[in-house]
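Novice: The sequence and its predicted three-dimensional model are supplied below.
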Amino acid sequence: MKTFEELGVAAPLLQAIREMGYEVPMPVQEEVIPLLLGNDNDVIALAQTGTGKTAAYGLPVLQKINQSQRYPQALILCPTRELCLQIAGDLNDYSKYMDGLKVLPVYGGSSIESQIKTLRKGVHVVVATPGRLLDLLNRKTVDLSAIKSVILDEADEMLNMGFSDSLNAILAEVPSSRNMLLFSATMPQEIARITKQYMHDPQEIVIGNKNEGNENIRHIYYMVHARDKYLALKRLVDYYPNVYGIIFCRTRKETQEIADKLIQDGYNADSLHGELSQAQRDYVMQKFRIRNLQLLVATDVAARGLDVDNLTHIFHYGLPDETESYTHRSGRTARAGKTGISIAICHIKEKGKLRNIAKIIRKTFEQGELPTGKAICEKQLFNLVDQIEKVEVNEKEIASLMPSVFRKLEWLEKEDIIKRLISLEFNRMIDYYRDANEIEIVSETAPGRENRKERSSDRYSRGGGKNAEEGYKRFILNFGKADGLYPNQLMELINRCVPGKVQIGRIDLCDTHSFFEVEKGAAQRVMDRMNRYEVDGRTISVEPVQEGKEGKEGKGRKGKGFGNREDSGGKPWRRNAPARSERSTRKKRSAFA
């Protein structure tokens, strides 16, 4: 293994990183630094978060800066404000002994006039989010004509967030002769397009395997009934008394609901989602970074760019639609060589999605067994005993108080004092788990280990099965994959159209239509409310599916939509459209924008 000095890192940078505790290069640094210190080297680096990538590109970028020329020479693009500030902070730390070198973070949510003023004074490195940088370009207040190095950090995340057009506009403003480095945790097709269009014979570096998760992460899943997901989450959080993690949910509404429940149940938690103001988000994230919060309940979008070390657990309260999102979620633990645990709390309808994730990231998921109430109480008890053993006693400060305490407790034996201490701390938890019913685990073969027969039968069930699950009503909707509909968007559409809480069951998407299930008690309300709305000028049509009558529709027949579908009476199925005058006054809503 080489040293940083052997990689060619200059003395001022070496002095700074040694003071920061850097001893030997991490694998990605050993691969990337020599390439970027050379000339005309374009590089694609596939590596997970927490692998030391900021130093991998930051050190050579800083070393190649001509400090006597105060104009932007390096551009680093990243998806979020939080990551932008983190990168800029790291670069300032690395350049501690490079007098006069100026790094400017450019991001939305702060004064653009202040950023313009700093640019006019002269900067060497610009770290930016695409939206704010494009705004500055349109105002002609930033000049990228002398850029020598362009870094795209977390390129896949930028594309997932819809920055493709902004990236194209920005990259058109930088010289074609510049070096370019693209960092990404995964390699979707859109990344391949960027590399082909903007990079010159790039060298590819892969730390691990493409789209593969971190080796130091243990992947566990718990298959429970949908109604038991929150109870399962509580048990797992209780079983890990020193947990410090993120709970990922699929929607803003679910995120807030789970956070509220945890807070009401006495957990040290808070929420992070898109409906919070920037000031609220900053406050919550700062509390989480300094560990004033144990649990952060977040959506994928809100948590992007949140860089926190030493996370012990990642909880997936709802599996994401995209495998890349699962990789990014899990990669927030087990950073810098540490270990971590990624826990998926699933219900049976997510079986296929879990299997696909396991296949793509090339990991075997362990099926976990939820801890019993007795096991949880024992774990919490011994954690308290450990804390008592390790607590630092300030003899001087408490000396004057102890005689009164001893007199107050002198009638109690040592064993009585210990029992009362334990009871004071644990009576509530003991009472809760004494009365709590055990949660049923749905027996299921671990993803990555199923045999061909199981895969074949599951493939049939995912095609849409005939009957709804017990307690649910099955509906057919006249929108499908061809309309850009995904499960999370269908759930949001139902929540948007139907007031109040609706328990949603299985969702099956076909090309021209979809099937979904809701609890029977809400079925009529769902059908009545959804049939009152339009999506982009097209009337929503929701009709019940008669059990055993789904037929070929479950296989995703293309082109004909529902025109030839027959209902239980053998008559052609017709959309129950309102009269034109009523339809014209109805509020139009777009669910898939």
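Specialist: Looks like it came in fine.

Novice: Send me stretch 141-148 as CSV with only the CA atoms.
Specialist: Only the C-alpha atoms of stretch 141-148 are listed here, as CSV (Å, rounded to 0.1, in the frame of the first residue of the first chain):
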residue,chain,number,x,y,z
THR,A,141,-22.1,36.6,-13.0
VAL,A,142,-19.8,33.5,-13.2
ASP,A,143,-17.2,32.7,-15.8
LEU,A,144,-16.4,29.0,-16.4
SER,A,145,-14.2,29.6,-19.5
ALA,A,146,-11.0,28.8,-17.6
ILE,A,147,-12.2,25.7,-15.8
LYS,A,148,-9.5,23.0,-15.9
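
Novice: tell me which residues in it are buried?
Specialist: 142, 144, 147-148 (16 or more other Cβ atoms under 10 Å). C-beta here means a position set from N, CA and C on the backbone, and glycine is covered the same way.

Novice: Same list (those) but as JSON lines, adding distance to residue 119 and pLDDT.
Specialist: Shown next, in JSON lines, are these (distance: Cβ to Cβ, whole Å; pLDDT from 0 to 100):
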{"residue": "142", "distance to residue 119": "6", "pLDDT": "94"}
{"residue": "144", "distance to residue 119": "11", "pLDDT": "94"}
{"residue": "147", "distance to residue 119": "13", "pLDDT": "95"}
{"residue": "148", "distance to residue 119": "17", "pLDDT": "92"}
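
Novice: wait, which of those residues is closest to residue 397?
Specialist: The closest of those to residue 397 turns out to be residue 142 (Cβ to Cβ; 55.8 Å).

Novice: How about that closest one: what's its closest non-neighbour residue?
Specialist: Once flanking residues are discounted, residue 142 sits nearest to residue 136: 4.3 Å by Cβ to Cβ, 6 or more residues apart in numbering.

Novice: Tell me the confidence at that neighbour?
Specialist: The model reports residue 136 with a pLDDT of 95.

Novice: For burial, what's the neighbour tally of it?
Specialist: Burial of residue 136 is recorded as 19 neighbouring residues (other Cβ atoms under 10 Å).

Novice: isn't it right up against residue 114?
Specialist: No: using Cβ atoms under 8 Å, residue 136 makes no contact with residue 114, being 12.0 Å away.

Novice: So residue 167: helix, strand or coil?
Specialist: helix (DSSP: H, G, I helix; E, B strand; the rest coil).

Novice: OK, contacts around the residue lying closest to it once chain neighbours are set aside?
Specialist: Spatial nearest neighbour of residue 167, chain neighbours left out: residue 130 (5.9 Å); criterion: Cβ to Cβ, 6+ apart. By Cβ atoms under 8 Å, 6 or more residues apart in numbering, the residues touching residue 130 are 77, 79, 158, 163, 166-167, 170.

Novice: What does residue 130 show for phi and psi?
Specialist: The phi/psi pair for residue 130 (degrees, to the nearest 10) reads phi -60, psi -40.

Novice: distance of it from residue 223?
Specialist: Applying Cβ to Cβ, to the nearest Å, the value for residue 130 to residue 223 is 40 Å.

Novice: again with residue 294
Specialist: Using Cβ to Cβ, we find residue 294 at a distance of 25 Å from residue 223.

Novice: With residue 41 instead?
Specialist: Per Cβ to Cβ, residue 41 is found 47 Å from residue 223.

Novice: Pull up the gap between residue 143 and residue 387, please.
Specialist: Distance from residue 143 to residue 387, by Cβ to Cβ: 57 Å.

Novice: Residue 251 too?
Specialist: 37 Å.

Novice: Equivalent analysis for residue 32, please.
Specialist: Residue 32 is 42 Å from residue 387, by Cβ to Cβ.

Novice: if you count what's nearby, which of those two comes out ahead?
Specialist: residue 32 (29 against 11).

Novice: Quick one: low-confidence residue ranges for the stretch 401-550 of the chain.
Specialist: 443-466, 547-550 (pLDDT under 70).

Novice: That one: helices as residue ranges?
Specialist: Along the stretch 401-550 of the chain, counting by DSSP state H, counting those that start in this stretch, helices occupy 402-409, 414-435, 452-462, 487-497, 520-530.

Novice: can you check the stretch 151-300 of the chain too?
Specialist: Under DSSP H, counting those that start in this stretch, the stretch 151-300 of the chain gives helices at 155-160, 164-171, 189-198, 229-239, 252-264, 278-289, 300-303.

Novice: in stretch 362-369, what's buried?
Specialist: 363, 365, 367-368.

Novice: Quote the end-to-end distance of it.
Specialist: End-to-end distance of stretch 362-369 (Cα to Cα, to the nearest Å): 22 Å.

Novice: got it, and stretch 216-228?
Specialist: Taking Cα to Cα as the criterion, the two ends of stretch 216-228 lie 29 Å apart.

Novice: Any chance you could list what contacts that stretch?
Specialist: 213, 232, 236, 330-331, 333-334, 337-349, 351, 354, 358, 363-368, 370, 439-444, 446-447, 503, 505.

Novice: Are any of those residues buried, and if so which?
Specialist: 213, 232, 236, 330-331, 333-334, 340-349, 351, 354, 358, 363, 365, 367-368, 370, 439, 441, 444, 446-447, 505.

Novice: Distance of residue 506 relative to residue 145?
Specialist: Counting by Cβ to Cβ, the gap from residue 506 to residue 145 is 55 Å.

Novice: hmm, back to that, roughly how far apart are the residue nearest to residue 167 and residue 297?
Specialist: Counting by Cβ to Cβ, the gap from residue 130 to residue 297 is 28 Å.

Novice: pLDDT weak spots in the chain?
Specialist: For the chain (pLDDT under 70), the answer is 1, 40, 48-51, 186-188, 208-214, 305, 335-337, 443-466, 547-593.

Novice: ok, for the spatially most central residue of it, nearest residue in space, not its chain neighbours?
Specialist: Nearest to the mean C-alpha position of the chain, by Cα atoms, centre = their mean, lies residue 300 at 3.5 Å. Ranked by Cβ to Cβ, 6+ apart and with sequence neighbours excluded, the top spatial neighbour of residue 300 is residue 325, at 5.3 Å.

Novice: Where does the one you found sit: helix, strand or coil?
Specialist: Relying on three-state DSSP, one would call residue 325 helix.

Novice: Run a quick neighbour tally on it.
Specialist: Residues near residue 325, counting by other Cβ under 10 Å: 22.

Novice: so what's the residue nearest to residue 142 up against?
Specialist: 106, 112, 115-116, 119, 142.

Novice: Just the buried residues of the helix or strand that contains it, please?
Specialist: Assigning secondary structure by DSSP states H and E places residue 136 in helix 130-138. For helix 130-138, the neighbour count (16+ other Cβ under 10 Å) marks 130-137 as buried.
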